[in-house]
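>>> sharing a sequence plus its predicted fold:
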Amino acid sequence: MSSNAPVADPVSEAPAEVDAWLESVVREHYRALYAFALSLSRHPADAADLAQQATVTLATRWRDIEDRSKVKSWLFTCLHREFLKQRRRDSRMVSLEHPEVPAEAATPPEQEKRLDGRRAVEAIHSLDEPHRSVLTLYYLEEFSYREIAEVLEVPTGTVMSRLSRAKDAIRRLLLPSS
């Protein structure tokens with residue numbers, strides 16, 4: 001067994017066994033959690049806080065996971081709920097942490113037609129949260145429509161609609177008009 005392989009689900013509640021399982025789950029899913037959190041929050045520090053909160057929730061509520069084979073979806077759901085809770089809380093206060101920065105100078109013409117990773121990431125970040133989260137979960141995390149629906153707590157049809165709209169928006173942002 002490699003050192004990165006997930007540890008089997010704890011059969012007992014022996015602290016050492018549970019700790020090994022929790023550590024294995026976090027090691028396996030932390031990067032993906034952070035990437036999802038970054039796509040939601042758009043700020044590295046906030047993303048780190050969200051990912052950490054999801055792992056703390058796992059450590060304190062692991063017994064609540066009915067089907068341990070779905071621990072990844074469970075973690076993403078916890079992270080998404082925490083993001084929504086923070087967004088509701090932040091909307092009640094004036095935020096001085098992340099002031100809007102004026103747009104940079106226009107892209108030089110020779111670079112406008114070239115599609116690069118930076119432009120793609122900027123395009124994704126320009127989408128509203130429901131569309132960003134669906135794109136991230138579908139393309140980067142390779143979740144199924146059903147899994148995305150569970151994580152975001154919306155109907156599968158809503159996932160399909162949001163994904164279609166998000167792809168259309170990305171196309172409009174990245175491809176030159178004909």
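All right, it came through fine.
>>> what residues does stretch 153-170 touch?
Contacts to stretch 153-170, defined as C-beta atoms under 8 Å, 6 or more residues apart in numbering, come from residues 77, 80, 120, 123-124, 127, 130-132, 134-135, 138, 145-146, 148-149, 152. C-beta coordinates here come from the backbone N, C-alpha and C atoms, glycine included.
>>> roughly how far apart are residue 175 and residue 13?
Distance of residue 175 to residue 13, computed by C-beta to C-beta, to the nearest Å: 54 Å.
>>> residue 122: neighbouring residues, count only.
By other C-beta atoms under 10 Å, the residues close to residue 122 number 12.
>>> residues contacting the closest residue to residue 76 other than its chain neighbours?
Nearest non-adjacent residue to residue 76, counting by C-beta to C-beta, 6 or more residues apart in numbering: residue 151, 4.5 Å away. Contact analysis of residue 151 by C-beta under 8 Å, 6+ apart lists 73, 76, 77, 80, 137, 143.
>>> do residue 137 as well
Contacts here follow C-beta under 8 Å, 6+ apart; on that basis residue 137 touches 36, 76, 143, 147, 148, 151, 152.
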